[in-house]
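Peer 1: here is my input; please provide its structure:
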Amino acid sequence: MKKLVISILFVMQVFFVFAQKNPTITGKVVDSKTQKPLQSVVATIQNTTLTVLTGADGVFVIENATVGSQLLRINSNGYTQQILPLDVKEGKNLDLGIIVLEEDQTAEQQLSLITITENDLGDDNSGSESTAGLLQASRDAFQQTAAFNWGQARFRIRGLDNENSTTMINGIIMNKIYDGRPQWGNWGGLNDATRNQEFTSGSAPSDYTFGGILGTQTINTRASIYRPGSRISFSGTNTNYSWRAMATYASGMNKNGWAYVISAGRRWAQEGYFEGTDYSANSFFGSVEKKINDNQSINLTAIYAQNSRGKNSPNTQEVTDIAGWKYNSYWGYQNGKKRNSRDKDIEEPIIMLSHYWKITEKSKLNTNLSYQQGSIGNSRIDFSGVNNPDPTYYRNLPSYFSSLYENDATTGLIPASAYEPGGLGGLFTPNYAAATNPLDAKFLAQRQLDWNAMYAANSTPIVENGIVVGRTPAESKYILYSDRTDDKQFVANSIFNSQLADNIVLNAGVTYRNLKSHNYQRVEDLLGGLYFLDVDTFGVGDQKQSDLNNPDRQVQEGDEYGYNYNLLANTVDAFTQFKFTYKKVDFYMAQSFTRSVYQREGLYKNGYYPTNSFGKGEKVDFDNFGFKGGVTYKITGRNYLSFNGVYMSKAPAMRNVFPNARINNNMVDGIDSETITSVDGSYIIRAPKFKARITGYFSEIKDATETAFFFGEGLFEDDNGDGGDAFVAETLTHVNKKNMGAELGLEYQLTSTLKATGSAAYGQFTYSNDPTVSINQDALATPDNTNPTVNFGTSKLKDYRLPGTPQQAYSLGLEYRDPKFWWVGANVNYLADNYIDVAPVLRTSNFFENPVGVAGNYFPEATEERGRELLKQEKFDSFTLVNLTGGKSWRIGGKTLGFFASVNNVFDIIYKTGGFEQARNSNYRELNQDVSSGTPSFAPKYFYGYGRTYFVNLYLNF
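Peer 2: Alright, predicted model coming up:
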């Protein structure tokens, strides 16, 4: 009897202990307009691992909630996030009842945003749309400002290029192996289909990858997570396109375990914001999921996005002063219509197969296979033995004929543009006959491409009685061609997630990528001619041949010519990450390993490099490691401190490994991986009415490699002043860059309808050393010298500012949201400290050396003061932009009809977003003479942002 009583008491005690578990929090989330339950809404107790999703009935249940004051965050794509203060008491469950979510108009703004400017689209076949990464902003106030308000000015968060971030679709890394950047055009026009996203900032932990130092963006296209329903929209704008139409339908998961999503879009313009910029893009998306059982499902995603757009040219100040800041030299009239010679065409469809496996209640495995095949092409005009057709070619401009005066002690004031060599010590005698009236410049009479003249040059006139009565086709002297990149890429990866304990989470993943990238020139249009002769008119003898295996080829439309090679790559990367969560402190640790193997395979035997251009070159491999960690200290449930740090090495982008890949197999001598160090610290406030984040950061990239091509004068002159002009490949090695600064984002709900926001960014982004410059000159190649590279020594770049982004940005905004579902917002933005991209070769000692005479002999007229003036980095003017947004929605018969409208740069401010120095004048004398004219022939070229633009979007959800 005694044993029975003891046993009963023990069982009761155990039951009592389990009965005293922490309370449960429940609630039901509904749409504010329809009052219908919302599925897959995320409910999270802030600063804990307690996260659940609502079911089909909109109900969520959070078990084992911590006793005390807590903040519950309710979040779902397309709706305004809610943060609810809770007072969780011991032994008492908490039922929150109905929680109403309102439509998030900033999400509509996100779906409608257009910020990819034409000057973000490089001439190479890389994914260089640097602003586009901001199109999908997280809910952080600072990042939203950077996207919606600063993106139009090409602002880069922390001054970093998007090769330092990782973009993924269904766990597949979308950054190109070629240049490390994502090609946003691969899913352009599919805003509705790609709206399910997760973000991390800086080096903060991601569940899917180790990532870079600029954060991660993960797009999820699993069909069952889309909210069931349909959406159609139609938009008008005056930016890079004029019209956009999109339609999307999501079925939701049916009783047979099937779910599917389809979406399609079209964007087009006869002419965009800048002159002659046509636009045509078509997009399609499909995703189908089959639920195998409660623990497994498979999903097939297909993405097709075709895009063709005309580019706009960067221009010198001289050209802008004559023709205006919207001027574009790339187009001309043909048969009464504008035709752009510089089109960028993207067509790289993607197919993905994903398997989702819920191994246990605490462990999940996601495996993905992806195949992508397609092409990127950049068109332009090629010509042989005739004049350059570019209307802004320096010989066509007034500056070419302007007199340049130098005060010479021997000759007095003379027109330096008419100098001829004469004597030693840099003394020249004037040739006054060379001076011509600037009013005779061709550009003043012919500002655009002359297509008719090019067609005429490709034909022979038929003359009768001294009159041209017709023309017969002949050898093409001008053609339109494309630099093409045709990629075939296979990717396989697996991502594992496991809750090892109540406070420990493991993330791990492995990815394999295989790339075959075919790069070549293709004839697009013979412009009325019969054929084009595939030779290099600057070469001598065999050097003229692009392919010695097929010399003197006459190529037709669709033929490959000029250069032709494959780039081959295999990469494997793996990572593990452990996240620990405790009452006052959270921390994580992650590590990664990556192996990259690159190789070039030449398909042509080039005349300059007959022994090292055809066939496969040597393989080069890079092994890299990464380590990062961070800690979050929870001061209270609303205030906390966060710190992150990372040290990693990274293989150079494939484009920088082969500096002259178009015509030989050479690799950069001694190329190595770059190393990256980054730390940041933040103070964060998340309260129901007030949210704020202030962050300080520091990052340094070391031993980077960069390549560029340009035509230089005075680079390789001999003692007689000859042989100095050449088209060269420039390689910059051991490049160190330092980025430091602070970010601030504030958001305060003044009233239930009025919200104020503020953001600030202050940075200092500089070169932190003097990198090494080497120049490759093909004309110097011989059978005994298959790598004709000249080391120019160091370039004095230390403390020069990094280009391409404002280094200061500030914003203030107000938003009014009426209970009757209309809203309006306004913000003021100030941006400053944007700098030009300097030419490294001008900062080497070669710049001051006079090639006439003994080595080390400097130009006698050169002074340190004048040298500093010529090489001072240009700082662009600061500017202020005012933007307005607004919208309204109606609930009509179970459907939502709405519109969104925005006006950016209300006061039509003209501002420069970027620019670069031309390196053609490669020594002191030539640059000084050119600059002293007041209208230099080879002045810097600039890109401009949009003036006043509008966007109006009408949409229907049902």
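Peer 1: please point out which parts of stretch 622-637 sit buried.
Peer 2: Judged by neighbour count using 16 or more other CB atoms under 10 Å, the buried positions of stretch 622-637 are 622, 624, 626, 628-630, 632, 634, 637. Yep, even glycine has a C-beta here, placed from its N, CA and C like the rest.
Peer 1: I'd like to know how many residues surround residue 785.
Peer 2: 9 (other CB atoms under 10 Å).
Peer 1: give me the distance between it and residue 608.
Peer 2: 11 Å (CB to CB, to the nearest Å).
Peer 1: ditto for residue 624
Peer 2: 34 Å.
Peer 1: do residue 103 as well
Peer 2: Where residue 608 is concerned, residue 103 sits at a distance of 62 Å (CB to CB).
Peer 1: for the chain, which segments count as helices?
Peer 2: Assigned by DSSP state H, the chain shows helices spanning 2-19, 105-112, 141-148, 317-323, 398-401, 451-457, 654-657, 864-871, 924-932.
Peer 1: what's the least confident stretch among those helices?
Peer 2: Per-stretch mean pLDDT for these is lowest at helix 2-19 (a mean of 47).
Peer 1: that older thread, higher neighbour count, residue 103 and residue 608?
Peer 2: Between residue 103 and residue 608, counted using other CB under 10 Å, residue 608 has the larger neighbour count: 25 against 19.
Peer 1: low-scoring stretches of this protein, by residue?
Peer 2: Across the chain, the ranges flagged by pLDDT under 70 are 1-21, 33, 47, 49, 104-139, 403-436, 713-726, 851-856.
Peer 1: again, only this time at 50
Peer 2: 9-20, 112, 114-138, 403-435, 721-722 (pLDDT under 50).
Peer 1: for burial, what's the neighbour tally of the closest residue to residue 237 other than its chain neighbours?
Peer 2: Closest residue in space to residue 237, ignoring its immediate chain neighbours: residue 951 at 4.4 Å, by CB to CB, 6 or more residues apart in numbering. By other CB under 10 Å, the residues close to residue 951 number 20.
Peer 1: wait, residue 951 touches residue 233, no?
Peer 2: No - the pair residue 951 / residue 233 is not scored as a contact, 11.8 Å apart, by CB atoms under 8 Å.
Peer 1: what's across from residue 817 in the sheet?
Peer 2: residue 823 (DSSP bridges).
Peer 1: list the contacts for it?
Peer 2: The contact partners of residue 817, by CB atoms under 8 Å, 6 or more residues apart in numbering, come to 105, 753-755, 823.
Peer 1: same question, residue 493
Peer 2: 171-173, 367-368, 509-512.
Peer 1: quick one: it from residue 508, how far?
Peer 2: From residue 493 to residue 508 the distance is 11 Å (CB to CB).
Peer 1: please name the nearest non-neighbouring residue to residue 822.
Peer 2: residue 888 (4.0 Å).
Peer 1: ignore the last one, residue 831
Peer 2: residue 806 (4.1 Å).
Peer 1: could you pull up phi and psi at that neighbour?
Peer 2: phi -60, psi 140 (degrees, to the nearest 10).
Peer 1: who's in contact with it?
Peer 2: Applying CB under 8 Å, 6+ apart, the residues near residue 806 are 150, 153-155, 831-834.
Peer 1: surely the residue nearest to residue 822 is in contact with residue 824?
Peer 2: No - the criterion here is CB under 8 Å, and residue 888 misses it with residue 824 at 9.3 Å.
Peer 1: ok, how many other residues are close to residue 468?
Peer 2: Residue 468: 10 neighbours (other CB under 10 Å).
Peer 1: for residue 385, same thing?
Peer 2: With other CB under 10 Å as criterion, residue 385 counts 10.
Peer 1: can you give me the strands in the stretch 101-250 of the chain?
Peer 2: 166-169, 172-173, 197-201, 215-219, 229-237, 243-250 (DSSP state E, counting those that start in this stretch).
Peer 1: just to revisit the earlier point, can you name the two of the contacts of residue 817 that are farthest apart?
Peer 2: Maximum pairwise distance among these (CB to CB): 14.2 Å, between 105 and 754.
Peer 1: so between these two, which is more surrounded?
Peer 2: residue 105 (23 against 12).
Peer 1: quick one on the thing from earlier: quick one: closest of the strands of the stretch 101-250 of the chain to residue 933.
Peer 2: That would be strand 229-237 among the strands of the stretch 101-250 of the chain, by CB to CB, at 41.0 Å.
Peer 1: how about the closest one: buried residues?
Peer 2: 231, 233, 235, 237.
Peer 1: in contact with the second one, which residues are there?
Peer 2: Put plainly, it is residue 233. 111, 192, 244-247, 953-956.
Peer 1: please name the nearest non-neighbouring residue to residue 606.
Peer 2: Nearest one to residue 606, counting by CB to CB, 6+ apart, is residue 613 at 4.0 Å.
Peer 1: if you count neighbours, what's buried in stretch 315-328?
Peer 2: Within stretch 315-328, judged by 16+ other CB under 10 Å, the buried ones are 315-316, 318-320, 322-323, 325-328.
Peer 1: correction: stretch 460-478
Peer 2: 475-478.
Peer 1: which residues does it contact?
Peer 2: 381-386, 389, 454, 456-459, 526-533.
Peer 1: narrow those residues to those in strands?
Peer 2: 381-383, 459, 532-533 (DSSP state E).
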